[in-house]
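Asker: After the sequence you'll find the predicted model.
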Amino acid sequence: MVTVRPGLEAALREQVLRLAHERGPTKTLCPSEAAGAVDPDRRRELTRVAREVACTLADEGIVVVTQGGVVVDGRTATGPVRVRLCP
């Protein structure tokens, strides 16, 4: 179980958005990259939280979550997902 410290979700949101904006709408990122930027020592365990943050951003229409290049619901998709800015 991941202990979510205050501000963790906000920090992950900031990193997902930073990475997405750096790469632009044609490139993707893995939620684990945002997790590693926030806390390298807890990257693995924070990836789940980063994925949930990405799903929330997708709900807001800011990013899309993809798997194999196809837009998916990151909450129900099994396996690794990628995130990119909405075109």
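Answerer: Received it, and whenever you're ready, just let me know what you need.

Asker: If I look at the residue nearest to R82 when sequence neighbours are not counted, what pLDDT would I see?
Answerer: Sequence neighbours aside, T28 is the residue nearest to R82 in space, at 3.7 Å (criterion: C-beta to C-beta, 6 or more residues apart in numbering). Using the backbone N, CA and C atoms, a C-beta is placed for each residue, glycine as well. What the model reports for T28 is a pLDDT of 98.

Asker: swap in L57?
Answerer: 98.

Asker: Is it part of a helix or strand, or is it coil?
Answerer: helix (DSSP: H, G, I helix; E, B strand; the rest coil).

Asker: Isn't L17 up against A54?
Answerer: No. Taking contacts as C-beta atoms under 8 Å, L17 lies outside contact range of A54: 9.8 Å.

Asker: Now the residue nearest to R82, what are its backbone angles?
Answerer: Dihedral angles of T28 (phi, psi; degrees, to the nearest 10) stand at phi -120, psi 170.

Asker: Show me the helices in the protein, by range?
Answerer: 8-23, 31-38, 43-59 (DSSP state H).

Asker: Settle it for me: which of L17 and A54 has more neighbours?
Answerer: In this view L17 and A54 are compared by other C-beta atoms under 10 Å, and A54 has more residues nearby, 28 against 18.

Asker: what's the closest non-adjacent residue to the more buried one?
Answerer: In space, A54 is closest to V83, 4.6 Å off (C-beta to C-beta, 6+ apart).

Asker: same question, E33
Answerer: L19 (5.9 Å).

Asker: For the one you found, give me its contacts.
Answerer: Contacts for L19 were tallied using C-beta atoms under 8 Å, 6 or more residues apart in numbering; they are 29, 33-34, 37.
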